[in-house]
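everything below, folded, please.
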Amino acid sequence: MVSNNNPSPRMTGVGTAVPPTTYTQQEILDEFDITDPRVRSVFLNSAIDRRGLSLPPVDANGERRMETQGELLRKHTANGLAMGREAVEACLRDANATLADVRYLCCVTSTGFLTPGFSALLIKELGIDRHCSRLDVVGMGCNAGLNGLTAVAGWAAAHPGELAIMVCVEACSAAYVFDGTMRSSVVNSLFGDGAAAIAVLAADAAPSAGPALLRFSSRIIPEAVGAMRYDWDDDHGKFSFYLDPEVPYVVGANAEISLDRLLRGTGVQRSDISHWIVHSGGKKVIDSVRVNLGLTRHDLRHTTRVLRDHGNVSSGSFLFSYERLRAEACTQPDDLGVFMTMGPGSTIEMALVGW
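Below you'll find the model as predicted:
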């Protein structure tokens, strides 16, 4: 089994936040007067009921107008800061900690580019100690939450007793292009705004309720490097996101290899895993992972319910699911779990956790 003489980094608290405005898929179709049956089918068969979004402002005719890239960046900044602050504060309450305890802050985002990044802005906004170490993980996409958590766990292990926070801030409304094409419609039907924070501490006295981060693994699929990408759209003068229709099958085909890599040398078998937290990447992605790993719908209940209630909130999705697992209070001492995220590259990230 997995063992370590030093205290393992533990997840001692979690918190999430969404914007104040939410919409059903039907409401979004109505807001933009979308009548194309193909586009409507994409929205209404997405397994998503409602998402938090900040829609474009209304013009003099009462119609939603196109936002400039500058307006979208300002939306990313303002909405991201508001959600990030709320998620961090909720996380600290859950961890029974305060802002004064924070020694390391990692901010993850892919819905805009800022210099200085969210880490500096949140330290100023929240009044965190100005000597706090920090990291910004920008542009890695939906998988980036586990990339960031790898760095946070490493820092926590090297600084026993000192609290580290990671917050994933995704204002996906700031990354939308409304042009009526199937390319943009698939993206627009899927993503929602949200932020999620996790507290990590390595200490002998760490609360036993928080699982230990035992090990991480990564797998990149270079031949699918263009399958998920966020690039410049010359026609609209702004960035836009692209999802290849083959993404679910690429991810599914590589899921088992990634899991084998994670468990190699640990003595842990797939049947030993009691809890599965998988990124809510979309209905087809979830189904592909479930089939290829031999999981049940119950195994992925949190993943599918987060997709239903929030859509794909990118890098923070898995923490929304983990928060629901925590609330269910179904874990037992010595239980093992797997976290899995996937995104551009194409990449699959995994973590083995233990209670």
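
what's the least confident helix or strand in the chain by mean pLDDT packed up against?
Between all helices and strands in the chain, the lowest mean by mean pLDDT, DSSP states H and E belongs to strand 238-243, at a mean of 78. Using 3 or more C-beta pairs under 8 Å, 6 or more residues apart in numbering; DSSP states H and E, the elements in contact with strand 238-243 are helix 69-94, helix 182-188, strand 228-233. (C-beta placed from N, C-alpha, C; glycine too.)

show me how this protein divides into domains.
10-201, 212-354 (automatic domain parsing).

and the ones you listed as a markdown table, adding mean neighbour count?
What follows is these, written out as a markdown table (neighbours: other C-beta atoms under 10 Å):
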| stretch | mean neighbour count |
| --- | --- |
| domain 10-201 | 20 |
| domain 212-354 | 19 |
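
so residue 79 is in contact with residue 171, correct?
Yes: counting by C-beta atoms under 8 Å, residue 79 touches residue 171, with 4.3 Å between them.

specify the local secondary structure of the closest residue to residue 203 other than its chain neighbours.
Counting by C-beta to C-beta, 6 or more residues apart in numbering, the nearest residue to residue 203 once its immediate chain neighbours are dropped is residue 161, at 4.6 Å. Assigned with DSSP: H, G, I helix; E, B strand; the rest coil, residue 161 falls in the coil class.

give me the distance between residue 161 and residue 149.
Going from residue 161 to residue 149 by C-beta to C-beta, to the nearest Å gives 19 Å.

residues contacting residue 24?
Each residue near residue 24 by C-beta atoms under 8 Å, 6 or more residues apart in numbering is listed here: 49-50.

do that again at 10 Å, thanks
30, 43-44, 48-51 (C-beta atoms under 10 Å, 6 or more residues apart in numbering).

before we move on, what about residue 174?
Applying C-beta under 10 Å, 6+ apart to residue 174 gives the contacts 54, 67, 69, 71-80, 109, 111-112, 193, 238-239.

the stretch 51-200 of the chain: helices as residue ranges?
Ranges of helices in the stretch 51-200 of the chain, per DSSP state H, counting those that start in this stretch, are 69-94, 118-126, 144-158, 182-188.

so which of those comes closest to residue 133?
Of all the helices of the stretch 51-200 of the chain, it is helix 144-158 that lies closest to residue 133, at 7.0 Å by C-beta to C-beta.

give me the low-pLDDT residue ranges for the stretch 1-150 of the chain?
Residues of the stretch 1-150 of the chain that meet the criterion pLDDT under 70 lie in 1-5.

how does it look with 80?
For the stretch 1-150 of the chain, the stretches flagged by pLDDT under 80 are 1-6.

now the strands for it?
Secondary structure of the stretch 1-150 of the chain (DSSP state E, counting those that start in this stretch): strands located at 10-17, 22-24, 50-52, 102-109, 133-138.

the fourth one pairs with which strands?
In this case it means strand 102-109. Looking at strand 102-109 with DSSP bridges, its partner strands are strand 133-138 (parallel), strand 163-170 (parallel).

what does the least confident helix or strand of the chain rub up against?
Under the criterion C-beta under 10 Å, 6+ apart, residues 66-73, 110-113, 141, 172, 174-177, 179, 181, 183-184, 186-188, 190-191, 226-233, 281-282, 285, 314, 344 lie in contact with strand 238-243.

at 7 Å what do you get?
Contacts of strand 238-243 from elsewhere in the structure, counted by C-beta atoms under 7 Å, 6 or more residues apart in numbering, are 69, 72, 175, 177, 183-184, 186-187, 228-233.

so what does the helix or strand just after it touch, helix or strand wise?
Next in sequence after strand 238-243, counting helices and strands by DSSP states H and E, comes helix 247-263. Other helices and strands packing on helix 247-263, by 3 or more C-beta pairs under 7 Å, 6 or more residues apart in numbering; DSSP states H and E, are strand 212-220, helix 283-293, strand 347-354.
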